[in-house]
Structures are given as C-alpha cells and as structure tokens.
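Novice: let me see the structure of the following:
(2 chains)
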Amino acid sequence: MSISKMFGAPVLTAIGGLVLLAQAPSNIPPIIPMHTSYDVSSLKYTPEQQDHIAIADLFFRALHSGHFELVLNLIEWPDAINHNPNDPKTPPGLMALLKSRIPEPKPLFHEQDQIPSLVLANGDLVVFMWDQQVKDADGSMYPANRFELMRFKDGKIAEHWDVANRRENAQDWKIDWCMKAGRNDCPKP
Amino acid sequence: MMFRKSAQLAFAVALLVIVGSFATAQTVQEKNNQQMVMKWYHDVIVLGHVSEASKYMADDYVDHDPRISGGRAAFIQHYENASTRPAEAKEIATFVQGDYVVMVWQRADKDPKTSTPYTYTTYDVVRIKNGKIQEHWDNAKRNTQWR
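Specialist: Below you'll find the predicted structure:
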C-alpha cells in the first residue's frame, strides 16, 4: 500500500510542505515550480501525482546537494530501471559515482538551488525541465535546457530517463570515478 | 519573520489544495494541441516539409534550441537541411497540460568504441498560443546531431 493511500495524499503533501518549510530558509522556491509564463490554474494533478512531484523535487535537491543516502532511499530497489547508458546500475555503484562528484554534502535547501522551469505529470510519470548555461567550444556560455523523466511506483522512483549519450571515453570515465571513490573493484584500463 | 513564514505556508497549502481540486481528464483543447503538435513534429521536423511551417507555427514563434535560437525563419533554415533533421523515434511519453505539450523520444545509436547498440532519450517541449506553436525547447546543444 502506498503512503498516499495510507494517509491521504493531500494530508501527506501538506505535512511534507510543513516539514520542507520548517527546514528551509525564507527564500525557498515553491515546491511546485513554474515557468515564467506557466499558468498554475491549468495544473490538474491528482493527490498521488502531487506526491510524485514533491518526491521528485526532493530527489533532485538531495542529488544536487550531496545527500545520497536520501537519493538511494527514494529509488525502488532492486527493480528500478535507469535508462542512462553510462550510470552504474546498483546502489553501491551509484553511491560511489555520486560521492566522487560531491564528496561533502551541502545544505539540502541550498540558496543556489536551480528551480525547474517546467514540471508536468502524466499518469505515474513526471517530467522536469531546467534552463541552464552550457559552455561552448570557444569557452563562451549559451542557454540550453536539461530534462529528467521519472516513473513512480508506490511512492518511489521506478524508472528514469535523462539526456545522455554513451560517452566516447566511457571506460576511462568509469575508471576515473571508481578510483576517486576509493573502490578496489574498478575496471582495468 | 513569523508572519512571512505563515504567509508562505498558507500560500503553499492553498496552492496544493487548488492544484488537487482539478479533475485529471484531458480537455478537448489539450487533445487538439497534442494532435497538432505531433503532426507538426512528424511532418515539418522529421520529414522536412518546412513549407507547412506557417500552418502550425506563429508568426512571432521563438525557438530556444541553441542550434536555432531565433524565429520561424531561422527554424525553416535549420530544418531545410536534411542532415539536421532527426530520424523517426519511438515515443516514450507525451505530456499535455494547459498550453504545454512535452514529447519524450527514445533514439537508437551505437557505442562509439565498441559499436554496441544502445538507446538514449531526447525531449521536445512546445507552448501553444491561439492554436499555433508559440515556443519550442529541446535538449539540444550547439553540436548536437540526432541520429
């Protein structure tokens, strides 16, 4: 039984909102972010979908701030499917990769949190879009967008798709993060 | 300070209640938006029928794809070239909400070193205004080549 069914999603979401606000600085962005031209009144989410959005929002905050135990707790192991062709597929492997990126956690609600520019739900799926600046070959920066798609099951992330091609240097990259994570089972060069 | 927090809390709860009070059924307008956008994507972008662009896209259309970064004319110039057009892709999901349509695609490629086949994901988002496509975003970078 999902946590939504046990407690009622509106109650759960409101409690979640209380907890998040209690922990947050006064300038925390809203849980449900919106594009500058996005009309809130057009949102039509069920209580369960509101839960999915809140969980996804928490997941990205934890991911970007280095709270990786929380990240792993929000994923439905061992059945979760990650379609990223580069990411490790097991909890220890994923933890090692993430820790190599952010060794020390930052506050969960960091002032520089990136607010998504668009969040939509459809059935058990949630999609996030962010505006971002990307470095060009000449070193100049230009605007682009980043996306994540997730499917939820029983309040946890059951499937994930992001924008990732298989890297030209996939093997070197795997060895690099594995060594940085201090593991002794890294692939051989 | 207390008042500010209380006001924020009241706003958050009110927002959640408002959001939760709507039904989930897709409106006729949203269905029309979805059909129009899917046809635009297939006919104009994939097949390259750019002469039909004005049928789907507003005069003051804005494209945020960094390879285009411009209006309808820049879009047409980009997709006139067959090498910039994406291949047909498998649809993973479509989101239709208000004025927005989000399309998620699964594409196939081969590992550059081992030639092992694998799949990856791409995204397109459009905003509709007055029955035409007003804005478009995707996950492209300046050097992106869909396959």
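Novice: make it CA atoms for all contacts and neighbour counts henceforth
Specialist: Fine.
Novice: so who does residue B:139 touch?
Specialist: Residue B:139 is in contact with A:144-147, A:163, B:65, B:122-124, counting by CA atoms under 8 Å, 6 or more residues apart in numbering or on different chains.
Novice: please report how far it lies from residue B:80.
Specialist: Distance check for residue B:139 against residue B:80: by CA to CA, to the nearest Å, it reads 20 Å.
Novice: mean confidence score for the lengthiest helix in chain A?
Specialist: The helix spanning the most residues in chain A, taking DSSP state H as the definition, is helix A:47-65. Helix A:47-65 comes out with an average pLDDT of 88.
Novice: in terms of secondary structure, what does it contact?
Specialist: Contact here means 3 or more CA pairs under 8 Å, 6 or more residues apart in numbering or on different chains; DSSP states H and E; on that basis helix A:47-65 packs against helix A:3-7, helix A:9-23, helix A:68-73, strand A:118-122, strand A:125-135, helix B:2-20.
Novice: what are the bridge partners for residue A:159, then?
Specialist: According to DSSP bridges, the residues that bridge with residue A:159 are residue A:81, residue A:151.
Novice: tell me the pLDDT at it?
Specialist: Per-residue confidence for residue A:159 comes out at a pLDDT of 97.
Novice: got a list of what residue 60 touches?
Specialist: No chain was given, so I picked chain A. Residue A:60 is in contact with no residue at all, counting by CA under 8 Å, 6+ apart.
Novice: my bad, chain B
Specialist: Taking CA under 8 Å, 6+ apart as the criterion, residue B:60 is in contact with B:71-72, B:134.
Novice: closest one to chain A out of those, please.
Specialist: Of all those, the one sitting nearest chain A is residue B:134; the distance, using CA to the nearest CA, is 11.7 Å.
Novice: so that closest one belongs to a helix, correct?
Specialist: No - the assignment for residue B:134 is strand, going by DSSP: H, G, I helix; E, B strand; the rest coil, so no helix is present there.
Novice: so what's it closest to, chain neighbours aside?
Specialist: Once its chain neighbours are removed from consideration, residue B:134 has its nearest residue in residue B:61; the separation is 4.7 Å (CA to CA, 6 or more residues apart in numbering or on different chains).
Novice: what about the chain, any weak spots by pLDDT?
Specialist: All of this refers to chain A. Residue ranges of chain A with pLDDT under 70: A:1-44, A:111-113, A:165-175, A:177-178, A:180-183, A:185, A:187-189.
Novice: think we crossed wires, I meant chain B
Specialist: Scanning chain B residue by residue, the ranges that satisfy pLDDT under 70 are B:1-24, B:146-147.
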